[in-house]
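S.K.: Structure, please.
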Amino acid sequence: MAQDILPVEARQAVEKLGRADIVIGIPSYNNGRTIGHVVRAAQAGLNKYFPDFQGVIINSDGGSKDDTRKQVLEAQLDASQLLLVNTPLNPVHRLSFPYHGIPGKGSAFRMIFQMARDLGAKACAVVDSDLRSITPEWFDLLLRPVVHRGYDFVAPYYHRHKYDGTITNSIIYPLTRALYGYRIRQPIGGDFGMSLPVIETYLKRTDWETDVARYGIDIWMTTIAVASGYRICQSFLGAKLHDAKDPGADLSAMLQQVVGSVFGLMIEFKDVWMKVHGSRDIELFGFRYDVGLDPIAVNLDRMIQAFLRGESDLREIWSMALSDRTLRELAVLARAARTAPAEQFRLSDELWVNIIYEFASAYAELPAARTHLVRSLTPLYLGRVASFVNETREMNASEVEDRIEQLCLMFERLKPFLVERWGGPRVDDYTPQPAPASGRTQEVPS
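M.R.: Numbers count the residues shown, from 1 in each chain. Model (predicted):
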């Protein structure tokens, strides 16, 4: 039985409500400026698309010092403007509680999930609280595949600026795809739909006090759903406009927690991903269309300087993970970068994939050094992002997506070396499947 972590006031609210068909969870911390819009969109989505269902909106707050919780409880919706086909049978309840435990998004989700389970919800959606582009349709697209099509996990698929989501594009999407064989484009997108069985699986886990409690929660949720064999799909949500940051800014905590969660789950699900060759598409719901996106400024020099400092100061730690060949290539790259213009900096796909695979292997082999290893990855990541900025500066969105596809295929092509290093069959014994005309492989165990 999963531990009961609900604060007293949340437990009392569950007992008063008794049941709910759909729960929408919104974690928050000082999001008073944006969360009111998110709550109104959620309420409109429930009224418009699920009028026969009992819906509850739960704000799980991390101790905001602004008016976040006040905005949640006072958010008003003018239902007369929705042009509803059916009059909602039940009012949408809005609840806001501070969660207990390690500060972070994962701890907020844990409280939402327990309330959803205790209310017997058929489906639950969770969305970020800083979204400016969210619409009522998002909740239809995140929940309908669960409620009416039998899916257990719905991942978001949206258009983002080419320099937004660099951790996803450079590491998490291509690595997760190569490991588990499914092209889940936004595995840490932040906005998901899920069934009650998946929620129960999450709540039974014992690793809630790790990086999962913070930024690691999204990839943890996605990976467990995929590796456990649940039915998964994606829904196209349009643009994701939120409080994006310069990828060269200090994202080190997020990077460390997300990557650490991925590497840790690789150890747990080794017997799953070692059998997977290639990748395949998964069903995508929603009508795809082009959207305008907010520009994101990047500081190229700062990223390259961070890489150069890392190459100078972290060699001893890097040598615990990286092969002699990879270290030599990085040294050559650093020497060139110290004299060449920043716009010429390039860190190749093959070198980058080797770096990630070698770090993942060292993470498994050296438990005592895990924290230092993951922290030392930040300058390498910034070097890769700088290279990506240089390569894609003049590319449009479609061309950038093709460029990311090339990186994904490199992760898949080099995966046999990762498998061998983790004790799988030797590379000499591995025969990759021929790629179809599109350049994509499709051999994934069902």
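
S.K.: Strands of the stretch 201-350 of the chain, start to end?
M.R.: Remark: strands assigned in the stretch 201-350 of the chain by DSSP state E, counting those that start in this stretch are 232-239, 284-285.

S.K.: Can you give the distance from the last one to the centre of its chain?
M.R.: Which is strand 284-285. How far strand 284-285 lies from its chain's middle: 18 Å, per C-alpha atoms, centre = their mean, to the nearest Å.

S.K.: one step back: okay if I get the strands of the stretch 201-350 of the chain as TSV plus distance to residue 382, mean pLDDT and mean neighbour count?
M.R.: All C-beta atoms are positioned from the backbone trio N, CA, C, and that covers glycine. Shown next, in TSV, are the strands of the stretch 201-350 of the chain (distance: least, C-beta to C-beta, whole Å; pLDDT from 0 to 100; neighbours: other C-beta atoms under 10 Å):
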stretch	distance to residue 382	mean pLDDT	mean neighbour count
strand 232-239	26	95	22
strand 284-285	32	96	16
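
S.K.: give me every residue that touches residue 198.
M.R.: 152, 153, 224, 225, 230 (C-beta atoms under 8 Å, 6 or more residues apart in numbering).

S.K.: between these, which is closest to residue 8?
M.R.: residue 224 (29.3 Å; C-beta to C-beta).

S.K.: Could you report the pLDDT at that closest one?
M.R.: Note for residue 224: predicted pLDDT of 98.

S.K.: Now do it against residue 16, distance only.
M.R.: Distance of residue 224 to residue 16, given as C-beta to C-beta, to the nearest Å: 31 Å.

S.K.: the more surrounded of the two?
M.R.: For residue 224 versus residue 16, the count of surrounding residues by other C-beta atoms under 10 Å is larger for residue 224: 20 against 8.

S.K.: distance of the residue in the chain sticking out farthest from the centre from residue 331?
M.R.: Most distant from the centre of the chain: residue 339, at 36.6 Å, with distances by C-alpha atoms, centre = their mean. Noted for residue 339: a distance of 14 Å to residue 331, by C-beta to C-beta.

S.K.: ditto for residue 176
M.R.: Taking C-beta to C-beta, one finds residue 176 at 30 Å from residue 331.

S.K.: okay, these two: which has more neighbours?
M.R.: residue 176 (26 against 13).

S.K.: wait, doesn't the more buried one sit right on residue 222?
M.R.: Yes: the criterion here is C-beta atoms under 8 Å, and residue 176 meets it with residue 222 at 7.0 Å.

S.K.: For these two, list the residues in contact with both.
M.R.: Common neighbours of residue 176 and residue 222 (C-beta under 8 Å, 6+ apart) are 184, 187.

S.K.: Pull out the buried residues from stretch 18-37.
M.R.: For stretch 18-37, burial by neighbour count (16 or more other C-beta atoms under 10 Å) applies to 20-32, 34-37.

S.K.: separation between residue 251 and residue 171?
M.R.: For residue 251, the distance to residue 171 - C-beta to C-beta - is 12 Å.

S.K.: Have a look at the two and say which one is more surrounded.
M.R.: Between residue 251 and residue 171, counted using other C-beta under 10 Å, the more crowded position is residue 171 (25 against 19).

S.K.: ok, the more buried one to residue 261 distance?
M.R.: Applying C-beta to C-beta to residue 171 and residue 261 gives a distance of 12 Å.

S.K.: Relative to residue 126, which of the contacts of residue 198 is nearest.
M.R.: residue 153 (11.5 Å).

S.K.: Pull the contacting residues for the closest residue to the closest one other than its chain neighbours.
M.R.: Spatial nearest neighbour of residue 153, chain neighbours left out: residue 225 (3.9 Å); criterion: C-beta to C-beta, 6 or more residues apart in numbering. By C-beta under 8 Å, 6+ apart, residue 225 lies in contact with 152, 153, 194, 198, 232.

S.K.: Let's have those residues in JSON lines, adding distance to residue 186.
M.R.: Compiled in JSON lines, the contacts of residue 225 are given as follows (distance: C-beta to C-beta, whole Å):
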{"residue": "152", "distance to residue 186": "17"}
{"residue": "153", "distance to residue 186": "13"}
{"residue": "194", "distance to residue 186": "15"}
{"residue": "198", "distance to residue 186": "17"}
{"residue": "232", "distance to residue 186": "12"}
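
S.K.: out of those, who's nearest residue 55?
M.R.: residue 194 (15.4 Å).

S.K.: SS state for that closest one?
M.R.: What DSSP: H, G, I helix; E, B strand; the rest coil gives for residue 194 is strand.

S.K.: what's the neighbour count on it?
M.R.: 28.

S.K.: tell me the centre residue of this protein?
M.R.: residue 188 (0.5 Å).

S.K.: ok, that residue to residue 170 distance?
M.R.: Taking C-beta to C-beta, one finds residue 188 at 12 Å from residue 170.

S.K.: Determine the set of other helices and strands touching the lengthiest helix in the chain.
M.R.: The residue-count maximum for a helix in the chain (DSSP state H) belongs to helix 397-421. With contacts taken as 3 or more C-beta pairs under 8 Å, 6 or more residues apart in numbering; DSSP states H and E, helix 397-421 sits against helix 173-180, helix 349-365, helix 378-392.

S.K.: relative to helix 378-392, how tilted is that helix?
M.R.: Per axes from the mean of the first three to the mean of the last three C-alpha atoms, to 10 degrees, the angle that helix 397-421 makes with helix 378-392 is 140 degrees.

S.K.: roughly how far out does helix 397-421 sit from the chain middle?
M.R.: 18 Å.

S.K.: now that helix against helix 173-180, angle please.
M.R.: 40 degrees.

S.K.: and residue 341, how many neighbours does it have?
M.R.: 8.

S.K.: Can you give me the distance of it to residue 304?
M.R.: Distance from residue 341 to residue 304, by C-beta to C-beta: 10 Å.

S.K.: what residue ranges in the stretch 151-300 of the chain score low on pLDDT?
M.R.: Low-confidence segments of the stretch 151-300 of the chain, defined by pLDDT under 70: 243-250, 291-294.

S.K.: Would you map the helices across it?
M.R.: 166-167, 173-180, 196-203, 217-227, 252-268, 270-273, 300-313 (DSSP state H, counting those that start in this stretch).

S.K.: Now tell me what touches the second one from outside.
M.R.: By that I understand helix 173-180. 182-187, 219, 222-223, 226-227, 262, 266, 269, 272-273, 276, 279, 353, 356, 360, 404, 407-408, 410-412, 415.

S.K.: Swap in 7 Å and give it another go.
M.R.: By C-beta atoms under 7 Å, 6 or more residues apart in numbering, the surrounding residues in contact with helix 173-180 are 183-185, 187, 222-223, 226-227, 262, 266, 272-273, 276, 279, 356, 407-408, 411-412, 415.
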